[in-house]
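Enquirer: quick check, what structure comes out for this input:
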Amino acid sequence: MRVLILGGGGFLGKRLASELLVKGGLDQGELTQLTLMDFAFPEDMPQDSRLECITADFSDEAAIRNILQYNPDVIFHLAAIVSGEAEKNLDLGMKVNFHGSLQLLELCRQLTIHPRIVFASSCAVFGGDVSSVIEDETSARPRSSYGTQKAMVELLMNDYSRRGFVDARSLRLPTIAVRPGKPNAATSSFVSSIIREPLHGKKATYPVPPETEVWILSPKCVIQNFIHAANIDEKVLGPDRIINLPGLTVSIQEMIESMEQITSAEVTSLLSCEPDAFLQSIVLTWPPHFETVRANQLGFVRDASAAEIIKLFMEEEGIVNK
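Expert: Residues are numbered from 1 along each chain as shown. Take a look at the predicted model:
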């Protein structure tokens, strides 16, 4: 079985690759080739004879056409310009997030390879009344260019699947926390920073009121859900390939309090609120309350609590609670 991860050099792509190389987990057969594509790769990528890392631009038609000649059985489409950058640079966001994804689908159609595609969409496709509960049938009404681009690609994934060109499924990801490494340009980056930085003895800020609620999911559960999505038969999904993933609704204050209970007030004293109008204009439009009935029935997973997410991050980072 041949697998392609677009955006394979990013945090989630690298983690997914490691999981597939070590544990497998895909029902389509034994992994024989794993190709990762990204514009850059970290130095500590996994070493495996089945793995090939290709440095290329996702929006480059020739590069993607060449990669698809491998005829992948499964494609994990994680390539994207993140939310904050897509909002500040409309042209770049459209080039990569929308036109790049359309180009991918068109190339699959032209090459008649019919891969199973797991597309990493986002709950940013919703926006507006944050007091409302998002259900499976709630219409996407994004309040950002990033959310709009993701919503458009979801519809394309549905239509190209309906026509039999691909077998896609779009997963609307909650905010991923806690991400290791450095902050990125995503508008939700602070959700990880308020945990990650203090645990490493560094100061951090958050741009929204502490009572602000967010919809989150740990990296561990995201990877489990990516693999699970790739294993679901298209007959089970039917014509609607869009799935709101389960998550956890928690306020910024609750996350801080959970961390203090696990560690100490000395750790949380490194945090402060610094309002940011640009970030608030996007983050405060994201509904934090979801009823993910369909995802639950399909077997997707979520975390039990903010404390569980924090402890998992500490364990993975080797942080000892003094």
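Enquirer: from here on, contacts and neighbour counts on C-alpha atoms
Expert: OK.
Enquirer: and residue 147, how far is that from residue 288?
Expert: To residue 288, residue 147 is 15 Å away according to C-alpha to C-alpha, to the nearest Å.
Enquirer: centre of the chain to stretch 8-26, how far?
Expert: 13 Å (C-alpha atoms, centre = their mean, to the nearest Å).
Enquirer: what of stretch 277-288?
Expert: With C-alpha atoms, centre = their mean, you get 18 Å for stretch 277-288.
Enquirer: repeat for stretch 215-222
Expert: For stretch 215-222, the distance to the chain centre is 9 Å (C-alpha atoms, centre = their mean).
Enquirer: tell me the buried residues in the secondary structure element (helix or strand) that residue 12 belongs to?
Expert: Here residue 12, judged by DSSP states H and E, is contained in helix 11-23. Using 16 or more other C-alpha atoms under 10 Å as the test for burial, helix 11-23 gives 12, 13, 14, 15, 16, 17, 18, 20, 21.
Enquirer: so what's the fifth one up against?
Expert: When you say that, I think you mean residue 16. Residue 16 sits next to residue 223 when contact means C-alpha atoms under 8 Å, 6 or more residues apart in numbering.
Enquirer: and the pLDDT for it?
Expert: Looking at residue 16, its pLDDT stands at 97.
Enquirer: what about it, distance to residue 210?
Expert: Where residue 210 is concerned, residue 16 sits at a distance of 32 Å (C-alpha to C-alpha).
Enquirer: using CSV, write down the CA coordinates of stretch 17-30.
Expert: Output of stretch 17-30 as CSV, limited to C-alpha atoms (Å, rounded to 0.1, in the frame of the first residue of the first chain):
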residue,chain,number,x,y,z
ALA,A,17,4.2,9.5,9.4
SER,A,18,5.9,8.1,12.5
GLU,A,19,2.6,6.5,13.6
LEU,A,20,2.2,4.8,10.3
LEU,A,21,5.8,3.6,10.1
VAL,A,22,5.8,2.2,13.6
LYS,A,23,2.2,0.9,14.1
GLY,A,24,0.6,0.8,10.7
GLY,A,25,-3.1,1.0,11.3
LEU,A,26,-4.5,1.2,7.8
ASP,A,27,-6.9,-1.5,6.8
GLN,A,28,-6.0,-1.3,3.1
GLY,A,29,-2.9,-3.5,3.5
GLU,A,30,0.8,-3.4,4.6
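Enquirer: show me where pLDDT drops low in the stretch 151-300 of the chain?
Expert: Judged by pLDDT under 70, the stretch 151-300 of the chain has no weakly predicted residues.
Enquirer: send the alpha carbons of the helix ranked longest in the chain over as CSV?
Expert: Secondary structure of the chain per DSSP state H: the longest helix is helix 145-162. C-alpha atoms of helix 145-162 as CSV (Å, rounded to 0.1, in the frame of the first residue of the first chain):
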residue,chain,number,x,y,z
SER,A,145,-10.7,33.8,4.5
TYR,A,146,-9.1,30.6,5.9
GLY,A,147,-12.5,29.2,7.0
THR,A,148,-14.0,30.1,3.6
GLN,A,149,-11.2,28.4,1.7
LYS,A,150,-11.6,25.2,3.8
ALA,A,151,-15.4,25.3,3.3
MET,A,152,-15.0,25.6,-0.5
VAL,A,153,-12.6,22.6,-0.6
GLU,A,154,-15.0,20.5,1.5
LEU,A,155,-17.7,21.0,-1.2
LEU,A,156,-15.2,20.1,-3.9
MET,A,157,-14.2,16.9,-2.0
ASN,A,158,-17.9,16.0,-1.8
ASP,A,159,-18.5,16.6,-5.5
TYR,A,160,-15.4,14.9,-6.8
SER,A,161,-16.3,11.9,-4.6
ARG,A,162,-19.9,11.9,-5.9
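Enquirer: between the helix or strand just after it and helix 145-162, how big is the angle?
Expert: Under the assignment DSSP H and E, the closest C-terminal helix or strand after helix 145-162 is strand 167-173. Here strand 167-173 points in a direction 160 degrees away from that of helix 145-162 (axes from the mean of the first three to the mean of the last three C-alpha atoms, to 10 degrees).
Enquirer: which secondary structure elements does strand 167-173 sit against?
Expert: strand 116-122, helix 145-162, strand 242-244 (3 or more C-alpha pairs under 8 Å, 6 or more residues apart in numbering; DSSP states H and E).
Enquirer: relative to the whole chain's centre, how far out is the shortest one?
Expert: Read that as strand 242-244. With C-alpha atoms, centre = their mean as the basis, the mean position of strand 242-244 lies at 13 Å from the chain mean.
Enquirer: what pairs with the helix or strand just after it, parallel or antiparallel?
Expert: Remark: after strand 242-244, the chain's next helix or strand is strand 248-251, criterion DSSP H and E. Strand pairing for strand 248-251, using DSSP bridges, gives strand 213-217 (antiparallel).
Enquirer: what residues does the partner strand touch?
Expert: 173-177, 246-252, 286-289, 302-303.
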